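Enquirer: using only what follows, build the 3D model:
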Amino acid sequence: MKKNSRRRPRKRICPPPPKTSARTYIRIDTADIGVFRFLLEGYDNLGIFTVVNKFKGILVLRYSPHLKREVQVFLKAVATEMKMEVIPTPLGRCFEQRA
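Expert: Below you'll find the model as predicted:
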């Protein structure tokens, strides 16, 4: 026998949308760029990446700031599959520090 409930489901409180995306710069082998894309898609498209320098294998990964913890878990998992280095954000390209 199914019980009929008159309770309404609670509304989820959504955080306000971020004004800027978070960025992480990554250096990988140029031959692994396709594998990196495949792994990023496998993690439910946490973010998008752009190749900054195709000769040195430098990528910028853009993602929503509230997904930072999930992106860090993804990067640790990727580091087990390929040689990867997280590099510091170049000062000339740092958009998060603008007021």
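Enquirer: now do the residue lying closest to residue 74 once chain neighbours are set aside against residue 84, distance only.
Expert: Nearest residue to residue 74 in three dimensions, chain neighbours excluded: residue 43, at 5.0 Å (Cβ to Cβ, 6 or more residues apart in numbering). For glycine as for every other residue, the C-beta is placed from the backbone atoms N, C-alpha and C. For residue 43, the distance to residue 84 equals 14 Å [Cβ to Cβ, to the nearest Å].
Enquirer: check residue 8 too.
Expert: Where residue 84 is concerned, residue 8 sits at a distance of 47 Å (Cβ to Cβ).
Enquirer: same check, this time on residue 65
Expert: 21 Å.
Enquirer: ok, now which ones touch the nearest residue to residue 88 once chain neighbours are set aside?
Expert: Using Cβ to Cβ, 6+ apart and skipping the chain neighbours, the partner closest in space to residue 88 is residue 25 (7.2 Å). Residue 25 makes contact with 52, 58-61, 86-90 under the criterion Cβ atoms under 8 Å, 6 or more residues apart in numbering.
Enquirer: and residue 25, which of the three is it?
Expert: strand (DSSP: H, G, I helix; E, B strand; the rest coil).
Enquirer: number the residues from 50 up from this point.
Expert: Will do, 50 is the new start, and the previous item becomes residue 74.
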